[in-house]
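In: this is a predicted model, with the sequence first.
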Amino acid sequence: MSRFLEHDEADDPILSLVNLIDLFLVVIGILLIVIVRNPLNPFSKENVVVIENPGQADQRMLIKQGEELRRYEAGDEIGEGEGVKAGITYRLSDGRLIYVPEGS
């Protein structure tokens, strides 16, 4: 009978299970923090533009507007698509851009 009363707590399998549950709770907490801090988070209502590999041949752009997520990839040709010149953009010394539309 005394053998059961004197067993070591380190050999208890329930304590190992409790430690595993604690570990999983910490991992889940870290993952939730990562999801909330991600700019493309599905629960965020912000409009976000993410540019991957800027200036490279494999440049990609992700645009999130509300719940809609669109992805654009750079093509092999410069100036793809159709359209007409709509105006001129100037960069000021402080970095701001000013767009001046052309008269019709």
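Out: Right, received. Where do you want to start?
In: need the longest helix for this protein.
Out: In the chain, with assignment by DSSP state H, the single longest helix is helix 13-37.
In: chain center to that helix, what's the gap?
Out: On the basis of Cα atoms, centre = their mean, to the nearest Å, helix 13-37 sits 22 Å off its chain's mean C-alpha point.
In: what helices or strands is that helix leaning on?
Out: Using 3 or more Cβ pairs under 8 Å, 6 or more residues apart in numbering; DSSP states H and E, no helix or strand is in contact with helix 13-37. From N, CA and C alone the C-beta is placed, and that goes for glycine too.
In: after that helix, next one along is what?
Out: For helix 13-37, the succeeding helix or strand toward the C-terminus, using DSSP states H and E, is strand 48-52.
In: counting by contacts, list what that following strand packs against.
Out: Identification of packing neighbours for strand 48-52 by 3+ Cβ pairs under 8 Å, 6+ apart yields strand 60-65.
In: continuing past the strand it packs on, what's the next helix or strand?
Out: Remark: after strand 60-65, the chain's next helix or strand is strand 68-73, criterion DSSP H and E.
In: parallel or antiparallel, list what pairs with that following strand.
Out: The strands beside strand 68-73 in its sheet (DSSP bridges) come out as strand 60-65 (antiparallel).
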